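1. 3D, please:
(2 chains)
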Amino acid sequence: DSGVTQTPKHLITATGQRVTLRCSPRSGDLSVYWYQQSLDQGLQFLIQYYNGEERAKGNILERFSAQQFPDLHSELNLSSLELGDSALYFCASSVVQGAASYEQYFGPGTRLTVT
Amino acid sequence: GQNIDQPTEMTATEGAIVQINCTYQTSGFNGLFWYQQHAGEAPTFLSYNVLDGLEEKGRFSSFLSRSKGYSYLLLKELQMKDSASYLCAEVVTDKLIFGTGTRLQVFP
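-> Reported below is the predicted structural model:
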């Protein structure tokens, strides 16, 4: 158990809908990262927050957005869902601001299925 | 991960040694991680290299050559539970860029 929690574990929804994925980082970690993992692709970095502020952005679609709240939990919002958005979405946390040097602790993931 | 190249699949026998190679783009390099991921589960940290050389940690070792943009993960005394995907991940500036992973199957 990494100490990172994600809810829900599974989510099935229809195209065009909007969903919110939730992540609580390890106690004391200020950075939260979001990743998408599709069947035929590796982990794709989406976005990072540090202590409530957006810190780095990857290939995140405009239909996707995220935020980190004062209690440090984070939410990833996915809207106008398409079939291709079906994937495992992982949240990770680390204690430091940057991605270098320190390992990231991954949550169990949310499996999103868009039908 | 467009920066990272690693084999898609490998097979090995229980008790053997296997080496998983990874090449990466050197521009903006700021460290290299190896993660293990069992199917449907979260990646877990194995190793981190930022300087050239070999880092040994039990049955697992990781090597880095910054001038060659090359790393490998060495797994010794393979066990059935080592069947998993092994993800090479490069820190580029301040982002962690993952390769597509190498799926290792260990046979009895």
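
2. Just name whatever secondary elements the lowest-mean-pLDDT helix or strand in chain B is in contact with.
-> In chain B, the helix or strand scored least confidently by mean pLDDT, DSSP states H and E is strand B:95-98, which has a mean of 88. Applying 3 or more Cβ pairs under 8 Å, 6 or more residues apart in numbering or on different chains; DSSP states H and E, we find strand B:95-98 packed against strand A:43-50, strand B:84-92. Using the backbone N, CA and C atoms, a C-beta is placed for each residue, glycine as well.

3. most tightly surrounded among those?
-> strand B:84-92 (a mean of 24; mean count of other Cβ atoms under 10 Å in any protein chain shown).

4. circling back: could the helices and strands packed on strand B:95-98 be laid out in JSON lines, adding distance to A:Gln97?
-> JSON lines is the format used below for those (distance: least, Cβ to Cβ, whole Å):
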{"stretch": "strand A:43-50", "distance to A:Gln97": "5"}
{"stretch": "strand B:84-92", "distance to A:Gln97": "13"}
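
5. Would you convert these into JSON lines that also reports distance to B:Thr13 and mean pLDDT?
-> Below are the helices and strands packed on strand B:95-98 laid out as JSON lines (distance: least, Cβ to Cβ, whole Å; pLDDT from 0 to 100):
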{"stretch": "strand A:43-50", "distance to B:Thr13": "29", "mean pLDDT": "93"}
{"stretch": "strand B:84-92", "distance to B:Thr13": "16", "mean pLDDT": "93"}
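
6. Please name whichever of the ones you listed is nearest to B:Leu51.
-> Closest approach to B:Leu51 among these is made by strand B:84-92 (13.3 Å; Cβ to Cβ).

7. Can the closest one be said to contact chain A?
-> Yes: interface with chain A: strand B:84-92 contributes B:87, B:89, B:91 (Cβ under 8 Å from any Cβ of the partner chain).

8. Nearest residue to the most centrally placed residue in chain A in space, please, no chain neighbours.
-> For chain A, the residue nearest the mean C-alpha position is A:Trp34 (3.0 Å; Cα atoms, centre = their mean). Leaving aside its chain neighbours, A:Trp34 sits nearest to A:Leu46 (4.3 Å; criterion: Cβ to Cβ, 6 or more residues apart in numbering or on different chains).

9. ok so, going back, parallel or antiparallel, which strands does the least confident helix or strand of chain B pair with?
-> strand B:84-92 (antiparallel) (DSSP bridges).

10. For chain B, what lies in contact range of chain A?
-> So chain B meets chain A at B:1, B:4, B:30-31, B:33, B:40-45, B:48, B:50, B:87, B:89, B:91, B:94-101 (Cβ under 8 Å from any Cβ).

11. okay, now A:Ser86: neighbour count?
-> Residues near A:Ser86, counting by other Cβ atoms under 10 Å in any protein chain shown, number 17.

12. Next: A:Ser80.
-> Per other Cβ under 10 Å, the neighbour tally for A:Ser80 reads 13.
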